[in-house]
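**Q** Need the 3D shape of this:
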Amino acid sequence: VQLQASGGGLVQAGGSLRLSCAASGRTFSSYDMGWFRQAPGKERVFVGRINWTSGNIYYADSVKGRFSISRDNAKNTAYLQMNSLKPEDTAVYYCAIRTRPSQYDYWGQGTLVTVSS
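**A** Numbers count the residues shown, from 1 in each chain. The predicted model follows:
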């Protein structure tokens, strides 16, 4: 499975960005696509995920109400819409796939989001 994340860039605080994660290669009957981020000098943390079959979505508390996840089944692409961005949202954002609850097995290369104050 290959995951290609894109859409990062520089944005002012209060602005918006939409990240994309396109999946290709092997397919699965059911999986979650998750979004994570890693700020400079910090560990990678969970942002949210979507179950590709049910469409159920979960968000980290830190982004609830500001970020939203969606998917386009036909394009095998997930999106992370980020609104009301804050400087503390600055990070490399990664998408990943898991086919079992224990871990994410497939990771994209990451896309940098920089929010200026």
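**Q** Show the pLDDT at the nearest residue to Arg44 once chain neighbours are set aside.
**A** Distance criterion Cβ to Cβ, 6 or more residues apart in numbering; nearest residue to Arg44, sequence neighbours excluded, is Gln38 at 4.1 Å. Every C-beta, even on glycine, is put in place using the N, C-alpha and C of the backbone. Listed pLDDT for Gln38 reads 98.
**Q** which residues does Gln38 form a beta bridge with?
**A** Note on Gln38: beta-bridge partners by DSSP bridges are Arg44, Val92.
**Q** residues contacting the residue most central in space within the chain?
**A** Nearest to the centroid of the C-alpha atoms of the chain, with distances taken as Cα atoms, centre = their mean, sits Trp35, at 2.9 Å. Applying Cβ atoms under 8 Å, 6 or more residues apart in numbering, we find Trp35 in contact with 19, 21, 46-49, 69, 78, 80, 93-96.
**Q** among these, who's most crowded?
**A** Per-residue neighbour counts (other Cβ atoms under 10 Å) across the contacts of Trp35 peak at Cys95, which has 31 neighbours.
**Q** Am I right that it is in contact with Tyr31?
**A** No: applying Cβ atoms under 8 Å, one finds Cys95 not in contact with Tyr31, separated by 11.9 Å.
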